[in-house]
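Trainee: structure for this input, please:
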Amino acid sequence: MTARKKIISLKKLKSLLSGTSRNGKIIVFTNGCFDIIHAGHVRYLNKAKSLGNILVVGLNSDSSVKKIKGEKRPIVSQRERAEVLSGLEAVDYVVLFNEPTPIKLIKAILPDILVKGADWASHEIVGADVVKAAGGKTARVKLVKGRSTTNIIQKILELH
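Mentor: Coordinates of the predicted model:
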């Protein structure tokens, strides 16, 4: 599948992941801003993919990132962030969302496994209750120490 075909609407995603087309495949979902993609992101996404068969990444839109991170973010536009994510082998689908959290996406696709970084406490994972109620589970993936977009931005600012 080409990278461009991986970036899809929620309506199209729901159709692709409908009950009969799942064919016993394990659907894994994660989300994030993925503003400046780095090795920590790649390792995280590879680990998430290893938990199932199809990895869906919910990507915060530009307006959503601004609500969460502030007016100076994102650094990279949603179009480019989606393109980079879709170019990663581990990622099967990228779907944008405008809300601060991906709860609408989670309720719509009901993944088998909901993945977040280990920096999130289990009780803080948005949608965990929905996924568990549908028979799924959550997984917390250990992050790469010292690798974050915020750290990268801070290092760039130190150079100036």
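
Trainee: and after the lowest-mean-pLDDT helix or strand in the chain, which helix or strand comes next?
Mentor: Every helix and strand in the chain was compared by mean pLDDT, DSSP states H and E; the lowest is helix 19-22, with a mean of 60. In the C-terminal direction, the helix or strand that comes right after helix 19-22 (DSSP states H and E) is strand 27-32.

Trainee: ok, how many other residues are close to Gly70?
Mentor: Residues contacting Gly70 under the criterion other CB atoms under 10 Å number 8. Where C-beta positions appear, they are placed from N, C-alpha and C, glycine not excepted.

Trainee: same thing with Ile26?
Mentor: Ile26: 14 neighbours (other CB under 10 Å).

Trainee: from Ser122, how far out is it?
Mentor: Using CB to CB, to the nearest Å, Ile26 is found at 20 Å from Ser122.

Trainee: so how far is Tyr44 from the most centrally placed residue in the chain?
Mentor: Nearest to the mean C-alpha position of the chain, by CA atoms, centre = their mean, lies Asn31 at 2.3 Å. The gap separating Asn31 from Tyr44 is 11 Å, by CB to CB.

Trainee: brilliant, that's me finished.
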